[in-house]
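J.: Here's my sequence, what's the structure:
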Amino acid sequence: SKLFTCDAYYMRDELKKFGVPHEKIQIINFGIDSEKFSKQERNLKILKKFNISDELIIISLRNFEQVYDIKTLIYAAQIVLKEVPSVRFLLVGKGSLEKELREKVQSLGISNSVHFTGFIDNHLLPSLVSSSDIYVSTSLSDAGIASSTAEAMSCEIPVVVSDTAENDKWIEDKINGFLFSTKNHLQLANILINLIKDQTLRKKVGKEGRNIIVNKNDYKNEMKKMNNLYLKLL
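T.: Residues are numbered from 1 along each chain as shown. Sure, this is the predicted structure:
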């Protein structure tokens, strides 16, 4: 083969183990639609479905499976709500652990503030993300940057993500997002509380997050790179 492409540094390293020369490997990020996922006005109509109006919203877009470790967010939510009771958490998605997670929320006494939304239609997702104030990913593993994280950043929402896989190659802590140690719900809660109380910081970090996605993870730009690689092979 004359060319290999992948979308993560660790995948490039694996290819090298097979004897593929460095110069034959190109990283092409999967990219997201930064025009579709851009900052919009708060959508009160969609929020009304979850009995939310002007409350601050923390959103998670990871499914309810072991690898996404939603329990850590739920434990953090309990701490956050003791400090700021008006906050609302939106857990978007489905999965095999949904019943267990719902029971955990109920047992912690925070079911009025934590909403399980189920799947949200893709055409509504940019509006829902834009209507939120903080995005969280508690995932234990990712390949490159998760699409949901990139989409939230593109909507100028400050992201708080677990320091795993290659997240630290995308997130400069406290500049364009925030990193916390995996499974550390206390650290996560402290970051969230600080963000909730600092609107200026939320806006600043959100704008920096969009800049990095537009410059390095926009779908159209990445496909232009791919097209140029094809042309070079001809």
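
J.: Which stretches in the protein count as helices?
T.: Remark: helices assigned in the chain by DSSP state H are 9-17, 44-48, 70-83, 98-107, 125-130, 147-154, 167-170, 185-196, 199-216, 219-233.

J.: just the ones you listed: most buried one?
T.: helix 147-154 (a mean of 26; mean count of other CB atoms under 10 Å). Heads up, the C-betas are built off the backbone N, CA and C, glycines and all.

J.: Can you check what angle separates that one from helix 219-233?
T.: Angle of helix 147-154 versus helix 219-233, following axes from the mean of the first three to the mean of the last three CA atoms, to 10 degrees, is 110 degrees.

J.: helices or strands next to helix 147-154 in the packing?
T.: On a contact count with 3 or more CB pairs under 8 Å, 6 or more residues apart in numbering; DSSP states H and E, helix 147-154 meets helix 125-130, strand 134-137, strand 159-162, helix 199-216.

J.: What's the mean pLDDT across the third one?
T.: For strand 159-162, the mean pLDDT works out to 98.

J.: Which strands border it, and is each parallel or antiparallel?
T.: Counting by DSSP bridges, the strands paired with strand 159-162 are strand 134-137 (parallel), strand 178-180 (parallel).

J.: which of those sits most buried?
T.: The highest mean neighbour count among those, using mean count of other CB under 10 Å, belongs to strand 134-137: a mean of 26.

J.: which residues touch that strand?
T.: For strand 134-137, the external contacting residues (CB atoms under 8 Å, 6 or more residues apart in numbering) are 56-62, 68, 73, 76, 129, 146, 148-149, 152-153, 157-162, 188, 192, 195-196, 202.

J.: what does stretch 4-24 give?
T.: Residues from elsewhere that reach stretch 4-24 (CB under 8 Å, 6+ apart): 1-3, 25-30, 143-144, 165-166, 169, 226, 229.

J.: residue closest to the middle of this structure?
T.: Centroid-nearest residue in the chain, with CA atoms, centre = their mean: T149, separated by 2.3 Å.

J.: Phi and psi next, for the nearest residue to G95 once chain neighbours are set aside.
T.: Distance criterion CB to CB, 6 or more residues apart in numbering; nearest residue to G95, sequence neighbours excluded, is F64 at 3.0 Å. Per-residue torsions, F64: phi -90, psi 70 (degrees, to the nearest 10).

J.: Roughly how far does F64 sit from K94?
T.: Distance, F64 to K94, using CB to CB, to the nearest Å: 6 Å.

J.: Counting neighbours, go ahead and name the busier of those two.
T.: Applying other CB atoms under 10 Å to F64 and K94 shows that F64 carries more neighbours, namely 20 against 14.

J.: Identify the residues contacting the more buried one.
T.: Applying CB under 8 Å, 6+ apart to F64 gives the contacts 70, 91, 93-98, 101.

J.: 7 Å instead, please
T.: If a contact means CB atoms under 7 Å, 6 or more residues apart in numbering, then F64 has 70, 93-98, 101 as its contacts.
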